[in-house]
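S.K.: Here's a sequence, model it:
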Amino acid sequence: MTASTQSASTLPASTDTAIGGTVQSYLWTWTGQQVKVVYETLGEGTPALLLPAFSTVSTRGEMQSLAQHLSSRFQVVTLDWPGFGQSDHLPLDYCPALYHQFLQDFFRDVLHRPTAVVAAGHAAGYAMQLAKTIPQSCLRIVLVAPTWRGPLPTMGATQQLADAVRQVVRSPIVGQILYKLNTMPSFLRFMYKRHVYVDQAKLTPEFIAHKWQITQQPGARYAPAAFVTGAIDPVQDRSDFLAWFQPLSAPVMVVIPEQAPPKSTAEMSALATLPGIETRQLPGSLGLHEEYCDRLAEVVLPFLL
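M.R.: Numbers count the residues shown, from 1 in each chain. Got it, this is the predicted structure:
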């Protein structure tokens with residue numbers, strides 16, 4: 001499997017911004033198919049790469065407030081992962097190798113120099129793999145509510161069942177129906193209340209409508225189906241995840257949300273026991289990086305400086 005890359009370009013001024021910065025596109029090729037990846041920059045100075053969490057509603061907009069805080073001292077770069085947000089939603093076989101290679105190529109072609117990294121959720125594993133593969137790439141790393149196992153595997157689904165569900169969701173008719181049912185505003189609100197946000201007052205009709213719009217782009221079901229079924233889990237067990245942290249190639253802070261689901265909390269707490277890992281606890285659940293972004297910025301900025 002080979003990936004080739006092409007140059008980045010600034011998108012037209014009419015393109016919506018998510019963090020108030022300059023929106024650009026990065027043309028990346030994976031297994032012979034060109035993928036347009038949208039990213040955005042804000043501020044000047046040492047680059048700080050903000051990686052949003054993988055989810056059905058994943059976009060760089062989750063990082064808006066944190067990006068604005070950090071842009072006073074850094075050149076913030078954030079992106080929509082391939083298959084998510086405003087990036088292309090091609091019917092690819094979304095897998096760990098794809099995202100590992102993408103992040104390495106993005107660092108080489110766009111960032112060019114040592115970078116501070118803030119990664120949320122499942123992005124944590126990919127950030128740590130980047131630091132291992134290209135040791136000089138990461139100056140400091142902050143992992144916010146880091147996870148490595150997708151929703152269905154976390155619920156106890158076997159690999160065979162998860163693979164079957166993924167194939168059904170990718171299918172033309174039944175898959176579209178299932179995806180529509182699982183992205184209805186009422187279902188999105190239920191999931192946010194269950195393990196993403198703590199303050200339900202923030203889940204306004206406008207907020208949920210915005211999240212729903214993200215799910216309605218053509219082809220939007222392919223990458224989320226891979227996430228939900230564990231097909232883009234960066235590792236398959238805890239020991240492999242912990243192995244990325246020993247030895248450390250850069251200082252690492254892990255931010256653990258106080259109201260995260262029990263199984264997720266157990267995985268994050270395992271990281272906190274490793275030597276050399278700095279840990280912080282903040283209010284919030286798996287959406288801490290978005291819901292409590294101001295509190296997060298208070299601990300992230302001093303660590304990155």
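S.K.: For stretch 260-275, give the mean pLDDT please.
M.R.: Per-residue pLDDT values across stretch 260-275 average out to 95.
S.K.: which other helices and strands contact the helix or strand Ala164 falls within?
M.R.: Element membership of Ala164, judged by DSSP states H and E, is helix 159-170. Here helix 159-170 touches helix 151-154, helix 174-181, helix 222-228, going by 3 or more C-beta pairs under 8 Å, 6 or more residues apart in numbering; DSSP states H and E. Backbone N, C-alpha and C define where each C-beta goes, glycine included.
S.K.: Pick the most deeply packed of those.
M.R.: Compared across the helices and strands packed on helix 159-170, helix 222-228 shows the largest average neighbour count, a mean of 24 (mean count of other C-beta atoms under 10 Å).
S.K.: Any chance you could list what contacts that helix?
M.R.: The contact list for helix 222-228 (C-beta atoms under 8 Å, 6 or more residues apart in numbering) reads 54-56, 58, 81-84, 89-92, 94-95, 122, 150-152, 165-166, 169-170, 175, 179, 215, 231-232.
S.K.: The helix holding Ala164 to helix 174-181, inter-axis angle?
M.R.: Orientation note: helix 159-170 sits at an angle of 90 degrees relative to helix 174-181 (axes from the mean of the first three to the mean of the last three C-alpha atoms, to 10 degrees).
S.K.: can you list contacts of helix 159-170?
M.R.: Contact partners of helix 159-170, identified using C-beta under 8 Å, 6+ apart, comprise 91, 150, 152-153, 157, 174-175, 178-179, 221-222, 225-226, 228-231.
S.K.: Next, the residue nearest in space to the middle of the chain: phi, psi?
M.R.: In the chain, the centroid-proximal residue (C-alpha atoms, centre = their mean) is Ala53; its distance is 2.6 Å. Main-chain torsions, Ala53, degrees, to the nearest 10: phi -70, psi 150.
S.K.: Same check on the one 5 residues further on?
M.R.: Torsion angles at Ser58 (phi, psi; degrees, to the nearest 10) stand at phi -70, psi 130.
S.K.: Then Leu70?
M.R.: Dihedral angles (degrees, to the nearest 10) for Leu70: phi -70, psi -20.
S.K.: number of nearby residues for it?
M.R.: Applying other C-beta atoms under 10 Å, we find 25 residues neighbouring Leu70.
S.K.: swap in Pro247?
M.R.: 7.
S.K.: So it belongs to a strand, correct?
M.R.: No. If the criterion is DSSP: H, G, I helix; E, B strand; the rest coil, then Pro247 is coil and not within a strand.
S.K.: show me what contacts it?
M.R.: Gly276 are the contacts of Pro247 under C-beta under 8 Å, 6+ apart.
S.K.: cool, Leu143 as well?
M.R.: So Leu143 contacts 119-120, 124, 127-128, 252-255, 271 (C-beta under 8 Å, 6+ apart).
S.K.: Could you save those as a markdown table and add columns showing distance to Val110 and secondary structure?
M.R.: What follows is the contacts of Leu143, written out as a markdown table (distance: C-beta to C-beta, whole Å; DSSP: H, G, I helix; E, B strand; the rest coil):
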| residue | distance to Val110 | secondary structure |
| --- | --- | --- |
| Ala119 | 16 | strand |
| Ala120 | 19 | strand |
| Ala124 | 20 | helix |
| Ala127 | 15 | helix |
| Met128 | 20 | helix |
| Val252 | 23 | strand |
| Met253 | 24 | strand |
| Val254 | 26 | strand |
| Val255 | 25 | strand |
| Leu271 | 28 | helix |
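S.K.: and of those residues, the nearest to Tyr197?
M.R.: Ala120 (13.7 Å; C-beta to C-beta).
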